[in-house]
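Undergrad: Starting from these lines, generate the structure:
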Amino acid sequence: MSIYVENHDLLEHMFNACTTSQISEFIPEKRGFRIHGHSTTVALERAFWNVLEDMAHETGQPLPRLIEQVLDGCMVANDKNLSSCLRVICLKYLNIYVGGTA
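TA: Numbers count the residues shown, from 1 in each chain. A predicted model of the protein is given here:
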């Protein structure tokens, strides 16, 4: 299903479509994990945690393991910022697998 929205109205449409309960998706949330034996804290907006939880469910693995795999894979592209890598992976997942082009 797609909704026709004028290009110049795209952001306005998205913000107007948000309900009060969806506002929490914009608030960063910190979570702690053990990755390769080290404690790590990751701060992401709730919207990204939702996508990562879906990815973990789809791949049949716990969320910490998924994040560990992202860290290992992103070390080549961005060795300093795990949160950035996770956001990009979420966008790629949504564009490729959820968007229906896979």
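Undergrad: For this protein, just list every one of the strands.
TA: With strands called from DSSP state E, the chain shows them at 28-35, 38-45.
Undergrad: Nearest to the spatial middle of the protein, which residue is it?
TA: In the chain, the centroid-proximal residue (C-alpha atoms, centre = their mean) is Phe48; its distance is 3.0 Å.
Undergrad: Just give the nearest non-adjacent residue to it, would you?
TA: The shortest distance from Phe48 to any non-neighbouring residue, by C-beta to C-beta, 6 or more residues apart in numbering, is to Cys90 (5.0 Å). No exception for glycine: its C-beta is placed from N, CA and C like everyone else's.
Undergrad: I'd assumed Asp54 was in contact with that neighbour.
TA: No: look at Cys90 against Asp54 with C-beta atoms under 8 Å: they stay out of range, at 9.3 Å.
Undergrad: Same drill for these two, tell me which one is more crowded.
TA: Cys90 (21 against 15; other C-beta atoms under 10 Å).
Undergrad: pLDDT at that one, what is it?
TA: Looking at Cys90, its pLDDT stands at 95.
Undergrad: again, but for Lys80
TA: So Lys80 comes in at 70 (pLDDT).
Undergrad: again, but for Asn16
TA: 70.
Undergrad: now do the one 10 residues further on
TA: On pLDDT, Phe26 comes in at 82.
Undergrad: what's it in contact with, if anything?
TA: Counting by C-beta atoms under 8 Å, 6 or more residues apart in numbering, Phe26 makes contact with 45-47.
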